[in-house]
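Asks: fold the stuff below for me.
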Amino acid sequence: MKKFTPYVVLTILCTWLNPVLTSAQFTPNWYEERDLGSYAVGRIIQADLDEATGETSVYTAASAGTYDAMNVTRRTNEGDLVWSKNINNAGYSSWSPSAMHIDDAGNVIVSGQVYNTDEMIYELFILSYSSGGGFNWAQFINEDDSYSYFIGMEPGADGDNVYIAAWTYNYVGATYTSELRLYSVLLADGTVEWDAVHIPGDTYSYFYDMVAGSTGVYFTGYLQDVDYSYDMQTIKFDTEGNYEWTQLFEADTAFEFNFGYALAINNSGNLVVAGSSGSGSIITIVYHPDGTLLNATEQNFGASAYIFQNMLLKDNGPGSTYFAASVYKNGAYGIYVARLNEDGSTAWQKKVDGQTLVDLEVPEDMEGCYIVVSEYVDTIYNYVPSLFMFDPSGNKIGEMLSPLKGYYSVADFSTLNGSEFYITGQKQNPDYSYHEITSRWDLDAVMRLANKSDVALNIFPNPASDFVYVKTDFEEMQIELIDINGRVVQQYNGSFEIALDVSDLSAGVYMLRIISDNKETLTPFVKE
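Replies: Numbers count the residues shown, from 1 in each chain. You can find the predicted model right below:
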């Protein structure tokens, strides 16, 4: 499912030197507001790096028109428009793009659900555009004239396919029954390679999340019991679409509600499930790929608490699993953030202010997590998004606020290279129409070391594209240039002023470690 930002990079690289954050500033690099129709809603944003060219592109997907169209756009990292495509098929409305994937060939795949006005049902869509904006293919998937509600899209392990899934329901007699449907779609031409169906039971089921790994595809949600209680339900298919197992976290009493909201696969290859139990508890469960229950942990917020369904769980592969959820208690909203151990227990937990959890990002191959939340501000009658960053120890190390013009809603954010953040959403106008908004924010960080001596230090220019100059009062000094993985990529020796040739470095955030007379100074540097 779904990058890395400077503060966590800085924190990881500085850990052995006990860094202390002194200030942070986020500067809007570009901000675009577009009229895509009366009800334009920015829904998805994703940055993608072309490793062959070194160029970063920013892709967005939005509902457009009066929800009777969809827009897919590619911009440069500087915000310049590369191409923009409007999709407006006769007989379809209420376009809801919900997932995006950039494949190995640079094609952008967008999927979600759409309303078929002729059949009067919701069905799935998935479509592909080339990196140059050429249309590749599209599929509309409808089974047995049932309502199909989109669950998610996940890339296959070999890069040749994506999985998309939906839950459907039918009214039989006086009872609703549900089906879980999984499709494998080939990226080359959009062919549905196979489809699979599982009927959880003779009562109502709902599914909130899916995740795919090397051994299969998992789903979580709930199953309604005959006593109107709900059991947390987790289901697995193998990679060929064969149903394997179901696990239930069952309710103890009638009208007790247990929901599974979010999934991740951790470093051990086990499945982590997050959800709620009753009215005030967050539950995390770890299953072996064969379905064996390994551990279950409860975090109780009290009987007066309410746990919202916009719960997120992300794992970066070799690192830790991070979790975020919206919690309401005693008349106040808050966002609960936690780092989970391999067994699902809580390593640390934090709370930040905010009414709505928008998204959680975990950087690839590194530690730390980032969340975007939004909160309604009555003085501007709009929502203001904030970006919070946490290091591996749970220290909150940054915050960003949007322009005070505000967002009506904030839908998604993305970060890729450690110094740039992208946000998309929707702005409400005085006439109650809506515009899509997309923006990029850049990080400017100032840090100090707890054991840093008083040193006259000047680094210029910063950011730099070819040479950066380090000027100090040291008669002898050693300078190490460290990348985001903690590797020393350049080393210099000299006195007073040294010129560093950084022209061959990849864009991103680096650390300069300056050593002299057993004194060390560590400071960030951004390569453009």
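
Asks: quick one: the strands in the stretch 251-400 of the chain?
Replies: Counting by DSSP state E, counting those that start in this stretch, residue ranges of the strands within the stretch 251-400 of the chain are 258-265, 271-277, 281-287, 293-300, 306-307, 312-315, 321-329, 332-340, 346-352, 356-361, 369-377, 382-390, 396-401.

Asks: how about residues contacting the fifth one?
Replies: I take that to be strand 306-307. Ser276, Ser279, Gly280, Ser281, Ile282, Phe301, Ala325, Ser326, Val327, Tyr328, Lys329 (CB atoms under 8 Å, 6 or more residues apart in numbering). Backbone N, C-alpha and C define where each C-beta goes, glycine included.

Asks: neighbours of the closest residue to the fourth one other than its chain neighbours, how many?
Replies: Counting by CB to CB, 6 or more residues apart in numbering, the nearest residue to Ser281 once its immediate chain neighbours are dropped is Asn300, at 4.7 Å. With neighbours defined by other CB atoms under 10 Å, the count for Asn300 comes to 12.

Asks: what do you get for the one 10 residues further on?
Replies: Burial of Asn310 is recorded as 16 neighbouring residues (other CB under 10 Å).

Asks: got it, and Asp118?
Replies: For Asp118, using other CB under 10 Å, the count is 8.

Asks: tell me the SS of it?
Replies: Secondary structure state of Asp118, per DSSP: H, G, I helix; E, B strand; the rest coil, is coil.

Asks: and the gap between it and Asn142?
Replies: Between Asp118 and Asn142 the computed distance is 11 Å (CB to CB, to the nearest Å).

Asks: what ranges does this structure have for its helices?
Replies: In the chain, the helices defined using DSSP state H lie at 6-14.

Asks: quick test: name the residue nearest the centre of it.
Replies: Ranked by distance to the mean C-alpha position of the chain (CA atoms, centre = their mean), the top residue is Glu361 at 4.1 Å.

Asks: show me what that one is bridged to.
Replies: With DSSP bridges applied, the residues forming beta bridges to Glu361 are Tyr370.

Asks: does it touch Ser414 like I think?
Replies: Yes - judged on CB atoms under 8 Å, Glu361 makes contact with Ser414 at a distance of 7.2 Å.

Asks: isn't Ala411 up against Thr60?
Replies: No - between Ala411 and Thr60 there is no contact under CB under 8 Å: 9.6 Å.

Asks: what about the strands in the stretch 401-528 of the chain?
Replies: Going by DSSP E, counting those that start in this stretch, the stretch 401-528 of the chain shows strands at 409-415, 420-428, 434-449, 457-460, 467-472, 477-482, 488-494, 497-501, 508-516, 519-527.

Asks: can you redo those strands as TSV with mean neighbour count?
Replies: Shown next, in TSV, are the strands of the stretch 401-528 of the chain (neighbours: other CB atoms under 10 Å):
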stretch	mean neighbour count
strand 409-415	23
strand 420-428	24
strand 434-449	20
strand 457-460	13
strand 467-472	18
strand 477-482	19
strand 488-494	13
strand 497-501	15
strand 508-516	21
strand 519-527	20
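
Asks: of the ones you listed, which is nearest Phe125?
Replies: Judged by CB to CB, the one of the strands of the stretch 401-528 of the chain that comes nearest to Phe125 is strand 409-415, at 18.2 Å.

Asks: residues in contact with that closest one: which ones?
Replies: With contact meaning CB under 8 Å, 6+ apart, strand 409-415 is reached by 2-5, 41-47, 58, 356, 358-359, 361, 363, 370, 372, 374, 383, 385, 387, 402, 421-426.

Asks: same deal with stretch 68-81?
Replies: The contact list for stretch 68-81 (CB under 8 Å, 6+ apart) reads 29-30, 32, 36-37, 40, 47, 55-64, 82-88, 92-95, 97, 108, 110, 114, 129, 131, 133, 420, 436, 438, 440.

Asks: ok, of these, which come out buried?
Replies: For those, burial is judged from neighbour counts taken by 16 or more other CB atoms under 10 Å, and it is met by 30, 32, 36-37, 40, 47, 56-64, 85, 87, 92, 95, 97, 108, 110, 114, 129, 131, 420, 436, 438, 440.

Asks: narrow those residues to those in strands?
Replies: Secondary structure assignment by DSSP state E places 30, 32, 47, 56-64, 85, 87, 92, 95, 97, 108, 110, 114, 129, 420, 436, 438, 440 of those in strands.

Asks: wait, Ala64 sits on Ser38?
Replies: No - applying CB under 8 Å, one finds Ala64 not in contact with Ser38, separated by 9.4 Å.

Asks: how about stretch 107-125: buried residues?
Replies: Neighbour-count burial for stretch 107-125 flags 107-116, 121-125 (criterion: 16+ other CB under 10 Å).

Asks: greatest separation within those residues: which pair is it?
Replies: The most widely separated members of the buried residues of stretch 107-125, counting by CB to CB, are Asn107 and Ile121 (28.4 Å).

Asks: isn't Glu33 up against Glu436?
Replies: Yes - with contact defined as CB under 8 Å, Glu33 and Glu436 form a contacting pair (7.4 Å).

Asks: farthest from the middle of this structure: give me that residue.
Replies: Glu475 (47.1 Å).

Asks: now for that residue: which residues touch it?
Replies: Residues near Glu475 by CB under 8 Å, 6+ apart: Ser495, Phe496, Ser516.

Asks: nearest to Asn310 among the residues you listed?
Replies: Taking CB to CB as the measure, Ser516 is the one of the contacts of Glu475 closest to Asn310, at 50.4 Å.

Asks: mind listing what that closest one touches?
Replies: With the criterion set at CB under 8 Å, 6+ apart, Ser516 makes contact with Thr472, Phe474, Glu475, Glu476, Met477, Gln478.

Asks: go with 6 Å
Replies: Contacts were defined as CB atoms under 6 Å, 6 or more residues apart in numbering; by that measure Ser516 touches Phe474, Met477.

Asks: what's the distance between it and Ser130?
Replies: Plainly put, Ser516 is 53 Å away from Ser130 if you go by CB to CB.

Asks: over to Leu263?
Replies: Note on Leu263: its distance to Ser130, by CB to CB, is 31 Å.

Asks: wait, Gln478 touches Ile515, no?
Replies: Yes - between Gln478 and Ile515 there is a contact at 4.6 Å, judged by CB atoms under 6 Å.

Asks: so where is the stretch 251-400 of the chain shaky, pLDDT-wise?
Replies: For the stretch 251-400 of the chain, applying pLDDT under 70 flags the ranges 317-319, 365-367, 379-381, 397-400.

Asks: in a markdown table: the strands of the stretch 251-400 of the chain, plus distance to Val162.
Replies: Conversion of those to a markdown table gives the following (distance: least, CB to CB, whole Å):
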| stretch | distance to Val162 |
| --- | --- |
| strand 258-265 | 16 |
| strand 271-277 | 19 |
| strand 281-287 | 23 |
| strand 293-300 | 28 |
| strand 306-307 | 30 |
| strand 312-315 | 19 |
| strand 321-329 | 23 |
| strand 332-340 | 27 |
| strand 346-352 | 32 |
| strand 356-361 | 20 |
| strand 369-377 | 25 |
| strand 382-390 | 29 |
| strand 396-401 | 32 |
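
Asks: the ones you listed: which one's closest to Gln491?
Replies: Proximity to Gln491 (CB to CB) singles out strand 396-401 among these, at 27.6 Å.

Asks: the strands of the stretch 401-528 of the chain: which one's closest to Ala338?
Replies: The stretch from these with the least distance to Ala338 (CB to CB) is strand 409-415; that distance is 19.7 Å.

Asks: identify the residues contacting Thr239.
Replies: Neighbouring residues of Thr239 by CB under 6 Å, 6+ apart: Gly216.

Asks: do that again at 8 Å, thanks
Replies: For Thr239, the contacting residues are Gly156, Ala157, Ala212, Ser214, Thr215, Gly216, Val217, taking CB under 8 Å, 6+ apart as the criterion.

Asks: go on, Tyr336?
Replies: Counting by CB under 8 Å, 6+ apart, Tyr336 touches Ile282, Gln299, Phe301, Phe323, Ala324, Ala325, Ser326, Val327, Gln349, Lys350, Lys351.
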